[in-house]
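Colleague: Attaching a predicted model along with its sequence, questions to come.
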Amino acid sequence: MKRRRSPVLAPTFPPWRARLVIAAATIALGVLAGRAVYLQGWNRDFLQAQGASRYSRTLEIPAVRGRIFDRNGEALAVSTPVKSIWAIPEDAAVATPDLDRLAAALGMPRGELRAKLTDTGRDFVYLKRQVPPEAAERVAALRLPGIHQSKEYRRYYPVGEAMAHVLGFTDVDDAGREGIELAYQEHLAGRAGSRRVIKDRLGEVVEDVVSLREAKDGRDLVLALDSRIQNLAYGELRRAVERHRAKAGGIVVLDATTGEVLALVNLPSYNPNNRAQLTGAAVRNRALTDAFEPGSTLKPFTIALALDTGRMAAATTIPVAPGSLTIGPATIRDAHPEKALTVEQVIQKSSNVGAAKIALELPRESMWGLFDDVGFGAAPDLGFPGEATGKLRPYKTWRPVEQATMSYGHGISVSLVQLARAYTVFARDGDLVALSLVKVDTPPPGRPVISKRTAATVRRMLELAAQPGGTAPRARIMGYRVAGKTGTAHKQANGAYVPDKYRSSFVGFAPASRPRLVIAVMIDEPSAGQHYGGAVAAPVFAEVMAGALRILGVAPDAPLQPIEAAPPALEVRESV
Amino acid sequence: MSRLSLLLLVILAACALGLVTSQHQARQLFAELEREQARAAGLEVEHGQLQLEASTWARHARVERVARERLHMRPPEAKRLQILDAPPPGGSRP
């Protein structure tokens, strides 16, 4: 049967139409595929980042700087959060009444504030940094456009001036700039971390995605300092500097048994909480960074060497007549010409001629060797920024006159800390101990320098020096036997000694029977009439030593009888 | 066959609901953790401020002034001192 062809069903479309549709569909598909490849292949990272930025945020995790404590756990430096107020000048359209209120809240002059806010050349300007939280809240309450706040830390030093030089201070970013703050920056500084989180529409963190960097708070630091002794020393030094109208001064208190620095005081000082008035002179930690000619405080070392090598004994007589000694063009003089002195009396009466004559008997190598052994000419290695090494010239360049003057502390320079440390040799049976600014758990072993016997002999001589008949009877304290040596030296200016400018010092230790503390005192340019170490520095030593021994509860080794002032005839003036 | 499908569907739905619930709980706990951590940080800050305050009040200069001026205290005279030979256990005073 032949089917009848229906005209409706008859293929009236030209065949190219079907092909066109297929081609169009294929092309469209190709475009889609291409687009998909473009988005998911080439552009994937960019788009994913864009997506993530809509919901994920990277948050900073702030880290706090470690606190500093003294050996008894008293806080000496603590960082606490404050705000910094900043502005985007372009966004900040502040009307005059608001400007007044803002200026009042920040405690800033209005003109300065206006200048900062109208500086449209900048995208970002700090209005004020380290604003206390209450003031920051008042600023926030004004709800000014374009004014923002961010969290910062500010360091506070409750003890203030008394500890300023040891602790140092931090800059506006809470990084150490001076002192311990700089020396232990690594230890104290925290490391801010960051983490990525997912935030919801309201800005609440809903999920922790990943911790990008672990935040690490700074570690706390426990110092060797005893703030009671530090305050005592600061008070006494300030009184002495005022009384003698001195330019500067310093005190170092060491624990002879552990090498810990219990107090380190300098004047002039500054308030570390108020950095507006910092000057170079006030910031200098003189006891560590300034070397000076120590004068007679160096005599015991020459004597110790003479005793240690067996060349002399304490009772050996040294002819010192006629009270002066001429070496080449130079003449060394004694204040009180004597005919002859024993080695012991050379220390007791602080005879320059005696010390020089003893020094000239000694080989210069071994004298240099002893000075080097007790730490002169090398930094005391406390880790403190800018520690002075002092000046100890190589012995090959020493001329006889220089060797002679070095025996009484001229032509050599040391810092007060070096001087105090060197005296631990006498306080500790002949060995030198390493110093530490941080608390020490197990005392380090000392390095032997001189024999035990020599140390004991020199101790006895130093005890005589701090008695009537010596140069420093004013160093005595009630209840304890004291040993020590005065020093009075002309200051140098432009390579020449200035006749009326002195540096008075005293270094000593107590109780002499079993030394616990070494204290070195230096007063720079006392100009109220007195300038001898025995009159200027020794009384300061006595006050600080008495107080510190009482604070530490050290048992007395002498009867508890009030000290009577020595008659003037028994107070020897030392030679300068 | 279709029964198995139904069963799987039910299990799937249960799992999905469980996932939603646990996610919600996780977020709630997380928010709580965040709050507590913020509180801990705040307390740490306060601790520091209190330490500062304690140190400020305990400044030796201030203690000495108060002792001398308000409490009329002074160091004892030599004749009123008595030293005992045996040190207390532990050596030095606190």
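Modeller: Happy to help now that I have it.
Colleague: do you know how far A:H490 is from chain B?
Modeller: 35 Å (C-beta to the nearest C-beta, to the nearest Å). Yep, even glycine has a C-beta here, placed from its N, CA and C like the rest.
Colleague: Also A:A87?
Modeller: Note on A:A87: its distance to chain B, by C-beta to the nearest C-beta, is 26 Å.
Colleague: Please verify my assumption that that residue contacts A:T118.
Modeller: No: applying C-beta atoms under 8 Å, one finds A:A87 not in contact with A:T118, separated by 10.5 Å.
Colleague: if you count what's nearby, which of those two comes out ahead?
Modeller: Neighbour count, other C-beta atoms under 10 Å in any protein chain shown: between A:A87 and A:T118, A:A87 has more, with 23 against 11.
Colleague: which ones are touching that one?
Modeller: Taking C-beta atoms under 8 Å, 6 or more residues apart in numbering or on different chains as the criterion, A:A87 is in contact with A:116-117, A:124-125, A:127, A:146-148.
Colleague: could you say which helix or strand contains the residue of the stretch 201-350 of chain A found nearest chain B?
Modeller: Using C-beta to the nearest C-beta, the single residue of the stretch 201-350 of chain A nearest to chain B is A:N231, 3.9 Å away. A:N231 is part of helix A:227-243 when elements are defined by DSSP states H and E.
Colleague: same thing with B:Q23?
Modeller: Element membership for B:Q23 (DSSP H and E) is helix B:2-57.
Colleague: roughly how far out does that helix sit from the chain middle?
Modeller: 21 Å (C-alpha atoms, centre = their mean, to the nearest Å).
Colleague: Over to stretch A:228-237?
Modeller: For stretch A:228-237, the distance to the chain centre is 17 Å (C-alpha atoms, centre = their mean).
Colleague: State the distance from B:H24 to chain A.
Modeller: Distance, B:H24 to chain A, using C-beta to the nearest C-beta: 10 Å.
Colleague: Does A:G484 have any beta-bridge partners, and if so which?
Modeller: Beta bridges link A:G484 to A:G508, judged by DSSP bridges.
Colleague: where does chain B come near chain A, residue by residue?
Modeller: Neighbours of chain A within chain B, by C-beta under 8 Å from any C-beta of the partner chain: B:26-27, B:30-31, B:34, B:44-45, B:48-49, B:51-52, B:54-56, B:58-61, B:78, B:81, B:83, B:87, B:91-93.
Colleague: hmm, 7 Å instead?
Modeller: B:27, B:30-31, B:34, B:45, B:48-49, B:51-52, B:55-56, B:58-61, B:78, B:81, B:83, B:87, B:92-93 (C-beta under 7 Å from any C-beta of the partner chain).
Colleague: Emit the PyMOL select command for whichever of those residues are buried.
Modeller: Of the residues of chain B next to chain A, the buried ones can be selected in PyMOL as follows, counting by 16 or more other C-beta atoms under 10 Å in any protein chain shown:
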select buried, chain B and resi 27+30+45+48+51+52+55+59+60
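Colleague: Skipping adjacent residues, who's closest to A:A215 in space?
Modeller: Counting by C-beta to C-beta, 6 or more residues apart in numbering or on different chains, A:A215 lies nearest to A:G193, which is 3.0 Å off, once chain neighbours are set aside.
Colleague: Cross-check the contact I'm expecting between A:G328 and A:Q403.
Modeller: No: with contacts defined as C-beta atoms under 7 Å, A:G328 does not count as touching A:Q403, sitting 11.8 Å away.
Colleague: ok, these two, which is more surrounded?
Modeller: The neighbour count for A:G328 versus A:Q403, taken as other C-beta under 10 Å, is higher for A:Q403 (21 against 8).
Colleague: Show me which residues of the stretch of helix or strand the more buried one belongs to are buried.
Modeller: Applying DSSP H and E as the criterion places A:Q403 in helix A:400-406. Buried positions in helix A:400-406, judged by neighbour count with 16+ other C-beta under 10 Å: A:401-406.
Colleague: Ok, stretch A:129-138 next?
Modeller: Of all the residues in stretch A:129-138, those buried under the rule 16+ other C-beta under 10 Å are A:131, A:135-136, A:138.
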